[in-house]
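Q: Quick one: sequence plus predicted model below, questions after.
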Amino acid sequence: METTGNKQDMKLGWALLPLGVMIVVMLISVVKLGQGPHIPLIVGTAVASIVA
């Protein structure tokens with residue numbers, strides 16, 4: 001059976017964008033500032049929701 005929805009394939013770059021942003025923000029937050037990983041995880045989740 002065929003679906004009639006607007007399904008589009010996601011490009012690899014768009015799929016890896018939230019992961020890359022989260023890694024960069026986590027490196028800055030944890031390594032340079034000595035903070036916990038909670039805010040970078042929230043930022044990564046926000047970027048993932050925007051991409052989705």
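A: That came through fine. Note that the structure is a prediction, hence the values are computed from the model and not measured. Numbers count the residues shown, from 1 in each chain.

Q: which ones are touching the residue positioned nearest the centre of the chain?
A: Nearest to the mean C-alpha position of the chain, by CA atoms, centre = their mean, lies Pro18 at 1.7 Å. By CB atoms under 8 Å, 6 or more residues apart in numbering, Pro18 lies in contact with Gly44, Thr45, Val47, Ala48, Val51. Quick note: C-beta positions are derived from backbone N, CA and C, even for glycine.

Q: filter these to the buried ones?
A: Gly44, Val47 (16 or more other CB atoms under 10 Å).

Q: In strands only, show me the contacts of Pro18.
A: Applying DSSP state E to these, no entry is found in strands.

Q: Tell me which entries of the contacts of Pro18 lie within helices.
A: Those of the contacts of Pro18 mapping onto helices are Gly44, Thr45, Val47, Ala48, Val51, per DSSP state H.

Q: will you turn the residues you listed into TSV that also has pLDDT and distance to Gly36?
A: Listed next are these as TSV, based on pLDDT from 0 to 100; distance: CB to CB, whole Å:
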residue	pLDDT	distance to Gly36
Gly44	88	14
Thr45	91	15
Val47	91	19
Ala48	89	20
Val51	88	24
